[in-house]
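>>> After the sequence you'll find the predicted model.
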Amino acid sequence: MNDLELAVELLRDTPTHENRTGEQLRSWAQTALEYGDELADTDMPVDIQVVEREGGVRKGELLLAEHQRGTVIVYTDALRRTEEVARERGWAVTRESLRRAAVAHEVAHHQLDVRELNRRLGHTARLGPFRLRGHVAGADEIAAHRFAHRRSGLAVSPLLLTAALAGRN
Ligand SMILES: [Zn+2]
């Protein structure tokens, strides 16, 4: 599967999108990927304070990294687990490139302009007589994955890795 197909699958698995058409999901996925590409081409820095600790693997849940008050926390146990999953599939990733991708992903979430992304997605929702700019759940995730891929040089798409971790492929 390519990134567009993987991004469509990610949206399809996101609550609120169960009844969207394939065409709609494809269009949103494309827009989100393009936004991630565009961000990667800007001079948005990805150097940020990073701390490492255990605690990212819980029952049925894997948290690679999170952004807290100007610092990115990378969870080393989740990183090891992700590396194992990648190795099992024969993907040539290093822990360092995974770590770089995880940090870049969090930086993207922190810095991407959700309002601008929503404007491009062009999704509106009706509220009585008003049409409001809607939020497309999962679109920021797709943009962050694409940004992380471009900035980290990871040998495999983060969207593919995420699908593997979720047991979707
Ligand atoms: Zn994310």
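Right, received. Where do you want to start?
>>> Next, the residue of the chain most remote from its centre: phi, psi?
Most distant from the centre of the chain: P129, at 34.2 Å, with distances by CA atoms, centre = their mean. Here is the backbone geometry of P129 (degrees, to the nearest 10): phi -80, psi 0.
>>> Now do the strands in the protein.
Counting by DSSP state E, the chain has strands at residues 49-53, 57-58, 61-62, 65-68, 71-75, 124-127, 130-133.
>>> Parallel or antiparallel, list what pairs with the fourth one.
Which is strand 65-68. Here strand 65-68 has these sheet partners by DSSP bridges: strand 71-75 (antiparallel).
>>> And the pLDDT at the closest residue to L10 other than its chain neighbours?
Counting by CB to CB, 6 or more residues apart in numbering, the nearest residue to L10 once its immediate chain neighbours are dropped is G138, at 5.7 Å. From N, CA and C alone the C-beta is placed, and that goes for glycine too. Looking at G138, its pLDDT stands at 94.
>>> Please report how far L161 lies from the ion.
12 Å (CB to the ion, to the nearest Å).
>>> Apart from its neighbours in sequence, what residue is nearest A7?
Closest to A7 by CB to CB, 6+ apart is A29, at 3.7 Å.
>>> Residues of this protein that sit close to the ion?
E141, A144 (CB under 5 Å from the ion).
>>> quick check: longest helix of the chain.
Secondary structure of the chain per DSSP state H: the longest helix is helix 22-41.
>>> pLDDT averaged over that one - what is it?
The pLDDT scores in helix 22-41 average 96.
>>> Just the C-alphas of that helix, formatted as CSV.
Taking C-alpha atoms only, helix 22-41 is exported to CSV below (Å, rounded to 0.1, in the frame of the first residue of the first chain):
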residue,chain,number,x,y,z
GLY,A,22,-14.1,6.4,-0.2
GLU,A,23,-13.8,9.5,-2.5
GLN,A,24,-14.2,11.9,0.5
LEU,A,25,-11.6,10.1,2.6
ARG,A,26,-9.2,10.0,-0.4
SER,A,27,-9.5,13.7,-0.9
TRP,A,28,-8.9,14.5,2.8
ALA,A,29,-6.0,12.0,2.9
GLN,A,30,-4.4,13.7,-0.1
THR,A,31,-4.8,17.2,1.3
ALA,A,32,-3.3,16.1,4.7
LEU,A,33,-0.3,14.4,3.0
GLU,A,34,0.3,17.5,0.9
TYR,A,35,0.2,19.7,4.0
GLY,A,36,2.8,17.4,5.6
ASP,A,37,5.0,17.8,2.6
GLU,A,38,4.7,21.5,2.6
LEU,A,39,5.6,21.7,6.3
ALA,A,40,8.6,19.5,5.7
ASP,A,41,9.8,22.0,3.0
